[in-house]
Structure formats: structure tokens, C-alpha cells
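A.B. asks: need coordinates for the below:
(chains A, B and C)
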Amino acid sequence: MNAFITNAWYAAAESAALASQPLRCTLLAQPLVLWRTAAGQAAALLDRCPHRLAPLSMGEICDDAIACPYHGLRFDATGRCVLAPGQPLVPERARAQAFPVIERYGLVFVWMGDASLADPGAMVDLPAWGEPGWQLTRGRTLFRAAWTLIADNLIDPFHTSFVHRRTLGNASGETVPVQARELPDGTIECGRWVENAPPVPIMQRLAGLRGAVDRWQIYRFWPPGASWVDFGAIPAGSARTPEALAGAPYRVVSCAFLSPQDATSTHYFALQMRNFALGDAAVSAELDAQYEATFEEDRLLLEAIERELERDPHAAEALLASDAGVARLRRRLSAAQTADD
Amino acid sequence: MNAFITNAWYAAAESAALASQPLRCTLLAQPLVLWRTAAGQAAALLDRCPHRLAPLSMGEICDDAIACPYHGLRFDATGRCVLAPGQPLVPERARAQAFPVIERYGLVFVWMGDASLADPGAMVDLPAWGEPGWQLTRGRTLFRAAWTLIADNLIDPFHTSFVHRRTLGNASGETVPVQARELPDGTIECGRWVENAPPVPIMQRLAGLRGAVDRWQIYRFWPPGASWVDFGAIPAGSARTPEALAGAPYRVVSCAFLSPQDATSTHYFALQMRNFALGDAAVSAELDAQYEATFEEDRLLLEAIERELERDPHAAEALLASDAGVARLRRRLSAAQTADD
Amino acid sequence: MNAFITNAWYAAAESAALASQPLRCTLLAQPLVLWRTAAGQAAALLDRCPHRLAPLSMGEICDDAIACPYHGLRFDATGRCVLAPGQPLVPERARAQAFPVIERYGLVFVWMGDASLADPGAMVDLPAWGEPGWQLTRGRTLFRAAWTLIADNLIDPFHTSFVHRRTLGNASGETVPVQARELPDGTIECGRWVENAPPVPIMQRLAGLRGAVDRWQIYRFWPPGASWVDFGAIPAGSARTPEALAGAPYRVVSCAFLSPQDATSTHYFALQMRNFALGDAAVSAELDAQYEATFEEDRLLLEAIERELERDPHAAEALLASDAGVARLRRRLSAAQTADD
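C.D. replies: Model (predicted):
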């Protein structure tokens, strides 16, 4: 169930972190070295010299090429060996494996599968990205759990009423059912409205909400690893027009890009777009802190489930009505895994 | 040789530690969650929600049921799901695995095998337990060694002369042979008298013994995990009547309940009954300290043997006359393992 | 490729470290206990009592024999049980496994294979050892890498220009080719001269060299684990007579004995003989520090390669001209591994 889907774009680093120094990152159990050329192009090679297997990331960038720390061989962004000290002719097999790279959303994405299938069009289009009226913040963490457990969590609005009672949820949502559907483009969506209920802690803390609200949670997931959550509240009983939602006193679209580090750990690149307190650094800092707290709430739980699955890989589950999104997403992932083979 | 015997009662916790908070404990490589109901009944479930596999022990006890931290499902002491938030009908398969529990000797015991075979009559009856004239103290530790190595140790009076020279033994016992037998109820016993010898350090320290004594070590073991050691001294040459032993200036009956945590680590629940200095808290504290020291002496050795067995699982032994108890116990355990399959 | 060659002498300890206390050392994944008898003879047994498998190294030496900490059995340097407390007759099978031992170069060597094949004549003869005019220093470290990766490194003068730029190398050697050959006795040799070049950092720091030099690196390796490196410099353009080399302003013969601790870690016993500043303790201390720095430079790299090989045991290499010594050594080791089976 947690086999990797290789033919996809995976976030490897924040664009701002990529410079003329080598950066090591492990994705899908493969070590990569990333760097940025003088012209600004991001490069990604397997972090292993084809000569005697030293990690290239321990070397230096020289003239846009990366130099192996062991014997000084240099490789350009395509993996071609452009210098082999003391070697008149460089053998063709001394080639480092290169990976296609694109940048978007302020992140560096790497195509981990068949390079000939790499397709910039396969990159997800996040709704609302780049539109005016949003303030962006970012976060990053690592879960010691299989990516599939994080994916389950990110198509499951129901769990917030229990796991995130101190942040994103409260008791008013405990029995409110969810609806799931598959959009025409294959996106899985699962959401609900919790009506005439007290605002959850994060809304009170960040936007000062006090009276009864109608709040929505719309979760979308694009296999294999992009998540988009639209979360907001309007005064209870308000009309639910697009304009009303756009002008809601609290609305956060939080996105996550999941990149398996290996079979049992997962990089989590997060970005949050909020529609309030634009440009307010104190609110940005508090939003960061609140989202880190929710990651921690999920982490404790998901890492415990991971350990139980490692103990007993054949543990059976009993899915319920609240798993409508989970069930649909798993079917999609299973099909994608089969297609990827 | 260290396969688990599942159909037996295993100590999981001290009764005093069990309250209305969930307590996690791993026995026989299975995680359990324990709690106590308002009526005082101990409960034990597999620590895994049947819905999406979260550890129940991370949840809360509500109305005598345990609530899953992930989606709020509640399970009573029998494992039945008594609440599934937002779910009109709870499917029968959403049942948590329950384990039979009884309490005795101030400990909570769990039956880890076939629940239909759970038999309170299979609980060991410790001689002298509950009789007047004894002062009780308790201890608990964990050995990073297979339970079978601890069992070997607990039917082996001979090792005390070497391993415990600073506590329970001294050189006078180094060549004194042991006798072993199987009692009619299947208990293994191995013991000896060391005669006309200086008292061992613990007797000097706790009871001030100085002159020559005859001291006895009677070790009993009830498969798979209950140990009882009668250890005392009378003036050298005294008659060995039950009355003389009862009135000995030093006598400690130390019991241990072994519960495999997994294949290579073992919970050790200890209790000591002494016949001297009743009610003296300073002596109780010193006795605790001395027994902790003996556990540590055994731990260093047994954990080193464990590591050697992990390195070379086929290492051959050469049993000697002093292993009379060990040899008998292993035959019994082997038969019990076969019967348990 | 990294299978052990068992029929060989392996350094286990420094002779100076061996006294009448037991010393534990793991070689070729086998735990050994070493000690020295009153007559000065080094002894080596498998560190496991044949009775109940306790590590003998946790016991004491009594009358030149080692006493098991568990039940007091004693074994002499041949592995024979000379005392079994309380046991009238010691069974023949209660014998500890003994290993042949010899001492040379201030080190204790153990023959790890078939004892009947142990041959003092198979010990390497280090050139220059014992001759006048040299000052000896020693070092010891552990690499968390397979012994074969260290062996590769020790027949590879080329890497010093890149890995050891702060100590043993500099850019002047980056493109200077190496020559390799097999000597009549089966020794692999790989070396080169770097001509008319600035002295490397260690020569500047320890011997104050400043002007252009011709420097040599002659690496020899005796399978399976002895390394000898002759490294020095003479004024650029000097005649290269043996006398000139003997009188060089800087010359260090550094030797290493590799002993696999297990498949993925390797003991490294080093000794350096220098021809300058004889008897100067400050220079000895600085030489130690510089060699420890070079071990650390190699360690970071070789341990990273080890981790990559553990991740992908089938990673392919592309050997180059600079690997002339590596290629010859691997062929020899491969033949020795086959012969050892």
C-alpha cells in the first residue's frame, strides 16, 4: 500500500534554500544532491559519484559543475562528467544520474521516475495561488511515518474535531458527516460545513472570532502528494456566496506537498494562504506557531500508527462513513501505483 | 527455545498503578492498553483502534470506556464499540481485542493466549503469601534479554556465589552442589544448604549477622514465569525445623513474575517478603537497594549473553551438575511450548 | 566483495595495552578475550564460556586462567577448563575456543581462521622496521566502513590531492598519474612522484619546508590488511638515490593494520616512522594530530560510501586510470577470498 509512485513531481527543497552550495535530500529512498547554477537553474543528481561512489554533496560547486570530494571528477547539471583529473579521456559510463527539476510555489520539484516521462503539465495547479488578497507563510517538517498515513490524514476533515481540539477543531464538529467526491480531473475532495457552532481555537486566537459561525473544511488531494485545504468561517446563517467566503473574517488555504523520504518517513512542505491581517508579521508568526502545533498533534498519532504497522503489517482496518475521502483516495492511489509499475 | 507460551497469566502492571488513566504495556510483543473502571475492574485491550489503528492509550477514559484519539470511537472493557461519532450504526467488525484480566499479589495479570482457555485456577499460589509475620516490599525492572535467560537464572542457586559476591553470595558456596526435583504439581525446585559459613553481605548489612551460619537457598519456578526463592540463615549447627526457619534471624522470600516484553526483553516484577525488622522503613529501603543491586549484577551478565545469542543463535552449551535445575526447567518449558502451539 | 579472509594474522590490541586484566576485542564478527599470562604470553579465547555462554571478559584472571563471571569455570590460554567449581570431573566439551597469537610491531596479532594453518611466517615484514634513524609514533581508530573500502583507500595515492588538501596533499598532485605493479612476493604497490611542486601542508608544518620539492608517495599493501606508505620530499631536481631519500628533510613511513570488526566496521592500527626531529616530543604530538586529522578526512568520506553501499549493495563503479592500484589489489583480494573458502 505504501509503494512509491515514481512518475511524479516531488518537492525536495525550498527554492530560497537552493544556492551555489550542494544540498543533499533523500526522496523515495534515493539520495539526491541539488544545487543552483550561476544562471539560476536548479540541478539534481543522484548523490553518488559513478567512479567510486562518494557522495557528491560532500564536494564543491566549480563552474556550475559539482566536484567529487574523493578524486575531483566534475559533473554538470545533466550528469555528464566534464572533468576527470589526470584522465585523458573520460569514459562514457562515468555519468551521474540526473533528474528533471522544475520550480513552482517557491519549491524545487524533482521527477523521480522515468526522466523521459517528466511532464511540467503534471504539476498540480493550486486554486487561488498567485491571486491578490492572500498573505503567504511557509513551514516544513518531517514525519516518521509512511506517506500514505499522511495522505489519509489530509483527506479526512473528521479527525480535526478530535486530534486538533486545541487548534483547528472543537467538539461542535464531532458528529458532522463529511461528503467526498472525485472531481473531473481526478482530484479527490472531502468536506463539510459545521453550522451554528462556536469558532475553533485558531479562529479565536488569530482573528478574534467569538460568536456562532458556520465553518467549512474543504480538503482536496491530488495524487500522489499534493494537498489543499480550504478552511474558514462566516457568521452563522450567512449566505454562502463566493463573495461571502472571499470576505470571510477567517479563511486559510493550507497546502502541503508530501515527499516520501523512504518507506517510513515523509517530508512535508507546507504553505498557508490567509485572507486576513495581510502584512501583519505578528499574525504570521502566530499562524506559523499554530500550524506547527497541529503538525505536532498529527505527528504523535501518525508516528504511533506507523510503529504499529511496522509491528504488524497485516493489521486490518474497519473503515466507517467518516472515511469517505480516505476510501476514494486509496482507490486512486492504488490505481496510480499499479500504473506506475 | 524462547518462543512465547501464550496461554498463561502474565503480570502487566502493579495494581496500585492502574487508575482511570490509560496505561500502555507491551507483553509478548503485543501492545496493550490497561485501565480501571469506576467499579474498580481492570480492563485490557489490544492498544490499537480497529478503525484506523491508532493507539487507544493516547486517548481518554470516558464513562468506563476508552476513546480513540483519532476519531473518538469508544470501546468498553469487553472491546465492544459503544460509540462511533457521526456513525448511525456501528459495524460489528469495529471491535477491539480484549484480554482476560485478574489481579493478585498486588499485580494485574493478563491472559495473552486463547481467551476461552483463561483459567483463574492457573494462577500460581505463592507459599507464605498473606500469612502473618512478613513485611512486603516491591520492585520492578526490565531486562534486555530473552525471558528464558532470566528463567535459567532463577532456578540456579549456584550462580549467586559468583555473580552476587557483593550482595547475596560469598565464596563459601562456590563448591556446594545443588539438588533439583520436580514437585507433584509440576513446579521445579532447586536448592542447597551452605553450612558453617560466614553470612553473606546482605545478611550482615540488613540483619547484622556475624557468626557462622547454615544458610539455605530454595528456588522454585512455575512455568512459564513465576519464581519463588526462599533464602535465610540460622546459627551453624541449629536444628532445621520449620519453627527454626520461621524464627531465623534472616529470611527473605523473594518472588519474581517474568513477562516477556518481546523476544529479547523481559519485564521483571519482584516482591520480597522478609521475616525481620517488620515495619522498619529504613530496612525496607536498604533491602530495596540491595535487591536492585542484585538485579543489576544479573542484568549486566544476562544482557551480555543475550547479545551473544543474537550474534550466534546456534551457540552450543555444556551443561554441568550445577545446572540440575536449569535442565529440568528447560524440559518443562519445552513441553509447555509444544502444548501451547 | 567484503567477505572476510580468515586465515591471516589480524591486529587485535597494542601489546602495551595487554596485561593481567581481560581485554575484549571483536574481530571478524567474533568476540575475543585477550590477556597476558604472568610469564608474558598473550592469550586469546572466544569471549564466550562454553558452559552457559557468559562473556569471559567480564570475569577475572586467576593463576593465568580466566574465570567465568557466571559460575567460576576457569580456562587456561589453550582454552582447556582447569577448574569447574563443585564439579568433580570437567567434561571435555567444556572447552573454550582458543586462537593462535603472536606479537610484533608492538601489536598483538590473532589468527582468526583454521588454527592448524597458523603460520608466523605469514606475518608481513615491514621494510625499515627496526632500523636505526627512525622515530616511532602510534595511533588507533575505528572506521564505520567495510575493511575493503579502507583497503581501496590505502592503495590509492591519487585521492590525497583532493581529500587531504589540508594535510597530506595539495593541488599540485591533482593530475599526476600513478603506476601500479605487483611485487614478486604478491605485494601490491602503487606510487608516483609529484615534481617541482610546493610542499604539502604537513611538510610545511612539521619540517618547515618552503621551497619547491619533488615528493614521492609509494603505497604498498599486503593482503588482507597490512599497509605501508613511504611519503617524503627532496629539493626539486635532486638525484633520487637511496641515500638522498634516507636523508630527505621530510620522510614518513606510515603503516596501518586493518582488522575487520564486523562486515561494516574496521579497526585501524597505525604506526608512523619519521626520519626527522628524532626524540622531539612536540613534533611527535603534532604528527599524531596531523595523522588523526587525515584519518578523520578519510572517515567522513568512507563512512558515507559505506552507508551508500548498504542502501544499494549493487551500485556499479567506473574505475579510471588512477585506480591502477585499486584494480590490482581487488584482484588479489578476490583470489585470497576464494582460496580462504
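A.B. asks: count of residues packed around A:Leu245?
C.D. replies: 18 (other CB atoms under 10 Å in any protein chain shown). In short, each C-beta sits where N, CA and C put it, glycine included.
A.B. asks: contacts only, for it.
C.D. replies: A:216, A:232, A:234, A:251 (CB atoms under 8 Å, 6 or more residues apart in numbering or on different chains).
A.B. asks: let's have these in a markdown table, adding distance to chain B, neighbour count and pLDDT.
C.D. replies: Converted to a markdown table, the contacts of A:Leu245 look like this (distance: CB to the nearest CB, whole Å; neighbours: other CB atoms under 10 Å in any protein chain shown; pLDDT from 0 to 100):
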| residue | distance to chain B | neighbour count | pLDDT |
| --- | --- | --- | --- |
| A:Trp216 | 17 | 20 | 98 |
| A:Gly232 | 21 | 24 | 98 |
| A:Ile234 | 23 | 20 | 98 |
| A:Arg251 | 25 | 24 | 98 |
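A.B. asks: residue contacts, A:Val90?
C.D. replies: A:81, A:83-84.
A.B. asks: for A:Ala8, same thing?
C.D. replies: A:111-113, A:122, A:223-225.
A.B. asks: narrow those residues to those that are buried.
C.D. replies: Buried members of the contacts of A:Ala8, counted by 16 or more other CB atoms under 10 Å in any protein chain shown: A:111-113, A:223-225.
A.B. asks: ok, those residues vs C:Trp193, which is closest?
C.D. replies: A:Met112 (46.4 Å; CB to CB).
A.B. asks: what sits against that closest one?
C.D. replies: A:Met112 touches A:4, A:6-8, A:10, A:27-28, A:30, A:99, counting by CB under 8 Å, 6+ apart.
A.B. asks: if you set the cut-off to 6 Å instead, what comes out?
C.D. replies: Applying CB atoms under 6 Å, 6 or more residues apart in numbering or on different chains to A:Met112 gives the contacts A:6, A:10, A:27-28.
A.B. asks: inside strands: which ones of the residues you listed?
C.D. replies: A:10, A:27 (DSSP state E).
A.B. asks: how about the strands in the stretch 201-341 of chain A?
C.D. replies: Here the stretch 201-341 of chain A has its strands, by DSSP state E, counting those that start in this stretch, at A:213-222, A:226-235, A:250-262, A:265-274.
A.B. asks: returning to that earlier point: save the buried ones among the contacts of A:Ala8 as CSV, and put in pLDDT too.
C.D. replies: Formatted as CSV, the buried ones among the contacts of A:Ala8 follow (pLDDT from 0 to 100):
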residue, pLDDT
A:Trp111, 98
A:Met112, 97
A:Gly113, 96
A:Pro223, 95
A:Pro224, 96
A:Gly225, 96
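A.B. asks: any idea which of those is closest to C:Thr141?
C.D. replies: Once CB to CB is applied, the member of these that ends up nearest C:Thr141 is A:Met112, at 37.3 Å.
A.B. asks: phi, psi of the closest one?
C.D. replies: phi -90, psi -10 (degrees, to the nearest 10).
A.B. asks: so which residues on the stretch 201-341 of chain A come close to chain B?
C.D. replies: Within the stretch 201-341 of chain A, the positions near chain B by CB under 6 Å from any CB of the partner chain are A:301, A:304-305, A:308, A:315, A:317-318, A:320-322.
A.B. asks: ok, and the most crowded of these?
C.D. replies: Neighbour counts for those peak at A:Ser322, which has 28 neighbours (criterion: other CB under 10 Å).
A.B. asks: contact partners for that one?
C.D. replies: Counted by CB under 6 Å, 6+ apart, A:Ser322 has contacts A:158, A:178, B:86.
A.B. asks: buried residues, stretch A:184-204. List them.
C.D. replies: A:187-192, A:194, A:197-203.
A.B. asks: tell me which residues are up against stretch A:286-305.
C.D. replies: Contacts of stretch A:286-305 (CB under 6 Å, 6+ apart): A:137, A:139, A:141, A:143-145, A:149, A:153, A:163-164, A:167-168, A:202, A:206, B:53-55.
A.B. asks: and what of stretch A:190-201?
C.D. replies: A:155, A:157, A:166-170, A:172-173, A:176, A:178, A:180, A:209, A:212-219, A:233, A:236, A:325.
A.B. asks: CA atoms only: put stretch A:301-321 into PDB for me.
C.D. replies: C-alpha atoms of stretch A:301-321 as PDB (Å, rounded to 0.1, in the frame of the first residue of the first chain):
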ATOM      1  CA  LEU A 301      -0.600  10.000  16.400                       C
ATOM      2  CA  LEU A 302       0.600   9.100  12.900                       C
ATOM      3  CA  GLU A 303       4.100   8.000  14.000                       C
ATOM      4  CA  ALA A 304       2.400   5.800  16.600                       C
ATOM      5  CA  ILE A 305       0.300   4.200  13.900                       C
ATOM      6  CA  GLU A 306       3.400   3.800  11.800                       C
ATOM      7  CA  ARG A 307       5.100   1.800  14.600                       C
ATOM      8  CA  GLU A 308       2.100  -0.400  15.000                       C
ATOM      9  CA  LEU A 309       2.100  -1.100  11.200                       C
ATOM     10  CA  GLU A 310       5.700  -2.000  11.300                       C
ATOM     11  CA  ARG A 311       5.000  -4.400  14.200                       C
ATOM     12  CA  ASP A 312       2.000  -5.900  12.400                       C
ATOM     13  CA  PRO A 313       2.000  -5.100   8.700                       C
ATOM     14  CA  HIS A 314      -1.200  -7.100   8.200                       C
ATOM     15  CA  ALA A 315      -3.300  -5.200  10.800                       C
ATOM     16  CA  ALA A 316      -6.900  -5.000   9.400                       C
ATOM     17  CA  GLU A 317      -8.900  -1.700   9.500                       C
ATOM     18  CA  ALA A 318     -12.700  -1.100   9.700                       C
ATOM     19  CA  LEU A 319     -13.500   1.900   7.600                       C
ATOM     20  CA  LEU A 320     -16.500   4.000   8.500                       C
ATOM     21  CA  ALA A 321     -18.700   6.700   7.000                       C
END
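A.B. asks: so for it, mean pLDDT?
C.D. replies: Averaged across stretch A:301-321, the pLDDT comes to 97.
A.B. asks: and that stretch, how far from the chain's centre?
C.D. replies: Distance, stretch centre to chain centre, for stretch A:301-321: 22 Å (CA atoms, centre = their mean, to the nearest Å).
A.B. asks: go on, stretch A:195-202?
C.D. replies: 27 Å.
A.B. asks: quick check: end-to-end length of that stretch?
C.D. replies: 17 Å (CA to CA, to the nearest Å).
A.B. asks: about what we covered before: which among the buried ones among the contacts of A:Ala8 gets closest to chain C?
C.D. replies: A:Met112 (15.0 Å; CB to the nearest CB).
A.B. asks: which pLDDT value goes with A:His71?
C.D. replies: On the pLDDT scale, A:His71 gets 98.
A.B. asks: ok, the one 3 residues further on next?
C.D. replies: For A:Arg74, the pLDDT comes out at 98.
A.B. asks: I'd like to know how far it sits from C:Ala315.
C.D. replies: 20 Å (CB to CB, to the nearest Å).
A.B. asks: likewise A:Tyr250?
C.D. replies: A:Tyr250 is 52 Å from C:Ala315, by CB to CB.
A.B. asks: nearest residue to A:Ala38 in space, please, no chain neighbours.
C.D. replies: A:Asp64 (5.7 Å; CB to CB, 6 or more residues apart in numbering or on different chains).
A.B. asks: quick one: which helix or strand includes the residue nearest to A:Pro120 when sequence neighbours are not counted?
C.D. replies: Sequence neighbours aside, A:Ile102 is the residue nearest to A:Pro120 in space, at 5.6 Å (criterion: CB to CB, 6+ apart). Using DSSP states H and E, A:Ile102 sits in strand A:101-104.
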